[in-house]
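**Student:** I'd like to go over a predicted model; first the sequence, then the structure.
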Amino acid sequence: MSAQLAKNYQLSVISDAAPASNNTSEVARQDSPEVCAFCYGTGMEVVPGKGARHCRCRTEERQAKLFAAAHLPRRYEQCSFANYHPVPGNGTQLQAFNYAFKLVDEYPAIDRGLLFMGPVGTGKTHLSTAILRGLIEKGIPCLFYEFGALLKEIQNSYNPISQTSELKVLAPVYETEVLVLDELGAVKPTDWVRDTMMQIINTRYNVSLRKRHWKIALARDSEAASMRCVKL
Ligand SMILES: [Zn+2]
């Protein structure tokens, strides 16, 4: 994505800002089945009289389900913070790593999403996959989509022979707690592409009024010399 295009997309609106209040009331519990009712995504649950322990949502079975549902790209399946190596002396890359690491560490007590920008091969997809891996280990439902692939699925859903519908394709995109859209800039920005992008952002924003929601967006900016990361 060019810097200009990034501006056109008004990426500042992607933050999917959740309501400031902590939705820990009983009502929020019932309205948010994806958020763990025992630990609210913190990974620790309190056992009366015994203290805190790792939450039951962190069991391997649940994590396996979350991993399967997240659709992490196969090439990046093993990507984590542990095997991410910023180029020595590259300050913006290190900062991107720090933002990503902090997001996972502090989640859900964060209020802004992230946008990674930079040329191919600078670790944007690695870092975003590492974020999702870290969040899934905390029991958070996540979804990874390459933007172009998502658009293709939506287009295919218009085919009367296909067994799917646009809404069926988009429902997980709207509903998942943390969404990564990769390769934003790799798609030619036609009116339809822009409209679809805005529809996703607006719907997630509206959903976020009743649910906790985050989006980490990725863009490709081949004009930049290095990768950098900004908070949305
Ligand atoms: Zn839990």
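**Tutor:** On my side now, so go ahead. Residues are numbered from 1 along each chain as shown.
**Student:** does stretch 163-177 come close to the ion?
**Tutor:** No - using Cβ under 5 Å from the ion, we find that stretch 163-177 stays clear of the ion, coming within 12.8 Å at best. For every residue, glycine as well, the C-beta is placed using N, CA and C.
**Student:** pLDDT averaged over that stretch - what is it?
**Tutor:** Stretch 163-177 carries an average pLDDT of 87.
**Student:** If you count neighbours, what's buried in that stretch?
**Tutor:** Residues of stretch 163-177 classed as buried: 169-170, 173-177 (neighbour count, 16 or more other Cβ atoms under 10 Å).
**Student:** Report the outermost residue of this structure with respect to its centre.
**Tutor:** G49 (36.2 Å; Cα atoms, centre = their mean).
**Student:** State the distance from that one to the ion.
**Tutor:** 19 Å (Cβ to the ion, to the nearest Å).
**Student:** can you list the residues of this structure near the ion?
**Tutor:** Counting by Cβ under 5 Å from the ion, the residues of the chain close to the ion are 36, 38-39, 55, 57, 139.
**Student:** Reformat these as a markdown table; add neighbour count.
**Tutor:** Shown next, in a markdown table, are these (neighbours: other Cβ atoms under 10 Å):
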| residue | neighbour count |
| --- | --- |
| C36 | 22 |
| F38 | 17 |
| C39 | 20 |
| C55 | 21 |
| C57 | 21 |
| G139 | 24 |
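**Student:** Dump those to TSV, plus pLDDT.
**Tutor:** What follows is the residues of the chain next to the ion, written out as TSV (pLDDT from 0 to 100):
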residue	pLDDT
C36	81
F38	84
C39	85
C55	82
C57	74
G139	85
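**Student:** Quick check on V187: phi, psi?
**Tutor:** Phi and psi for V187, reported as degrees, to the nearest 10, are phi -100, psi 130.
**Student:** pretty sure it is touching T196, no?
**Tutor:** No - judged on Cβ atoms under 8 Å, V187 makes no contact with T196 at a distance of 9.6 Å.
**Student:** Overlap of the contact sets of the two?
**Tutor:** Common contacts of V187 and T196, defined by Cβ atoms under 8 Å, 6 or more residues apart in numbering, comprise L151.
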